[in-house]
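I need the structure of the sequence given here:
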Amino acid sequence: MNYRIQGRRGLIATGVIGLLLLAAYCLLPTAYSVKATPAGPSGTNVQPRPVGVITDTPAITITTAAATSSATPTTSAREAQIQWTFGTVSGTYSSCSVQAKTSYDGTNYLNLGSAATVTATSGAVNAWTIIEELGANSVTTSAVSSSVALGFGQLTEFAFSCSSYGTAAPVAVSVIYR
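Numbers count the residues shown, from 1 in each chain. Predicted coordinates for the structure are as follows:
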């Protein structure tokens, strides 16, 4: 009889341990693999996310009336949600805009959409979205252009410009590509 009690206790203990392990397995987040993406010209500033989303923080230094960000691989992008958050701006920046530019060959850049007007003052947050145009029919041919693109190319960068400028406009740029 003593063996039966010990056997049952061992069986119960084994069952409890098994249930605890199963519960722990179910509660842990599922791991997923992330494939590496090609680095932009200035290094690896791209962070892949699951479900075709890429977040990016392109580097840009603004000390004059114009500056261009580092380029980001955007071959499969169809949309970009952009946010520029300015830190402590020195001097006055007025009539500022940011133009998205895209490249199909990695060398020549075309304007992507219209320039977005931004406020370059201390603490200003500027957000906007770029969405590729969709044709009215199943197949649409755009007008031939040497300066404008209707969709994302191999690389995308941002060109900042102002009519007048101070001495420094630190900015944190965040872009989500889908």
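
what about the residue nearest in space to the middle of the chain, distance to residue 87?
Closest to where the C-alpha atoms of the chain average out (C-alpha atoms, centre = their mean) is residue 55, at 2.4 Å. Here residue 55 is placed at a distance of 20 Å from residue 87 (C-beta to C-beta, to the nearest Å). Every residue, glycine included, has its C-beta placed from N, CA and C.

Settle this for me: the residue nearest to the centre of the chain is touching residue 173, isn't it.
No: using C-beta atoms under 8 Å, residue 55 makes no contact with residue 173, being 11.1 Å away.

Helices along this structure, start to end?
For the chain, the helices defined by DSSP state H occupy 2-27.

In it, what helix or strand scores lowest on average pLDDT?
strand 46-49 (a mean of 56; mean pLDDT, DSSP states H and E).

where do the strands sit along the protein?
Under the criterion DSSP state E, the chain contains strands at 46-49, 53-56, 66-68, 72-73, 79-86, 96-103, 109-112, 116-118, 125-131, 148-149, 155-161, 171-177.

Ok, which of those comes nearest residue 17?
strand 46-49 (36.5 Å; C-beta to C-beta).

residues near residue 166, how many?
By the criterion of other C-beta atoms under 10 Å, residue 166 has 17 neighbours.

Does it touch residue 94 like I think?
No: if you go by C-beta under 8 Å, residue 166 and residue 94 don't touch, sitting 9.4 Å apart.

before we move on, the earlier item: as JSON lines, the strands of the chain with distance to residue 142 would be great.
Converted to JSON lines, these look like this (distance: least, C-beta to C-beta, whole Å):
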{"stretch": "strand 46-49", "distance to residue 142": "27"}
{"stretch": "strand 53-56", "distance to residue 142": "24"}
{"stretch": "strand 66-68", "distance to residue 142": "25"}
{"stretch": "strand 72-73", "distance to residue 142": "22"}
{"stretch": "strand 79-86", "distance to residue 142": "18"}
{"stretch": "strand 96-103", "distance to residue 142": "13"}
{"stretch": "strand 109-112", "distance to residue 142": "11"}
{"stretch": "strand 116-118", "distance to residue 142": "21"}
{"stretch": "strand 125-131", "distance to residue 142": "15"}
{"stretch": "strand 148-149", "distance to residue 142": "9"}
{"stretch": "strand 155-161", "distance to residue 142": "17"}
{"stretch": "strand 171-177", "distance to residue 142": "21"}
